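Sequence and predicted model, in that order:
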Amino acid sequence: MRILAVFLAALSCAAALPVPTAHAQQARPGERADFVLIDKSERKLWVYQGGRAIRTYSGLQYGDAPQGHKRFQGDERTPEGRYTITYGNEQSSYYLSLHIDYPNAQDRAYARSRGRSPGGLIFLHGQPNGLPYETRIPGDWTDGCIALSNAEIAELWSLIPDGTPIEIRP
């Protein structure tokens, strides 16, 4: 369903994209993620199906303070732990985004015990809209999300269904 939505969105925005989204690989028939693993220190993401890695991505970009677990709104850290990818947002401020269900109950309790907000709206996403399709901002620049190239997030969009577990390791 999301593949069709991406295709229709690409058609409607074709004039704004200097490079068409066809450069991204799509899932092969029968390919569907059942687990996603991110290693923050290695800056790698693995997509698994049936216990076997079917894709690997390197060079992930994080928040301005990439080390350590996200604790509070505005700390610009990326969460660590087990979460779920709950939905895709094709109307994002970035080229496609997949929502990670941070904060969980532990994250909320920790922040509440310190009188703070845990923050939220953590996504896997592409680069900011309005940039040429193949442009990638250098370095860490998100507010705690995980950024990839537009081609990579387009491929992930076709591979990762809503409800997929994700583990983010330090």
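That came through fine.

quick one: contacts for Arg169?
Leu37, Ile38, Asp39, Lys40, Ser41, Glu80 (C-beta atoms under 8 Å, 6 or more residues apart in numbering). Where C-beta positions appear, they are placed from N, C-alpha and C, glycine not excepted.

secondary structure class for the residue sitting nearest the centre point of the chain?
For the chain, Leu124 is the residue whose C-alpha lies nearest the centre (C-alpha atoms, centre = their mean; 0.9 Å). Classification of Leu124 using DSSP: H, G, I helix; E, B strand; the rest coil returns strand.

quick one: which helix or strand includes the nearest residue to it once chain neighbours are set aside?
Nearest in space to Leu124, with sequence neighbours left out and distances taken as C-beta to C-beta, 6 or more residues apart in numbering, is Leu98 at 4.4 Å. Using DSSP states H and E, Leu98 maps to strand 97-100.

Show me what counts as buried in the next helix or strand after that strand.
Using DSSP H and E, the helix or strand that follows strand 97-100 towards the C-terminus is helix 105-113. Across helix 105-113, burial judged by 16 or more other C-beta atoms under 10 Å covers Asp107, Ala111.
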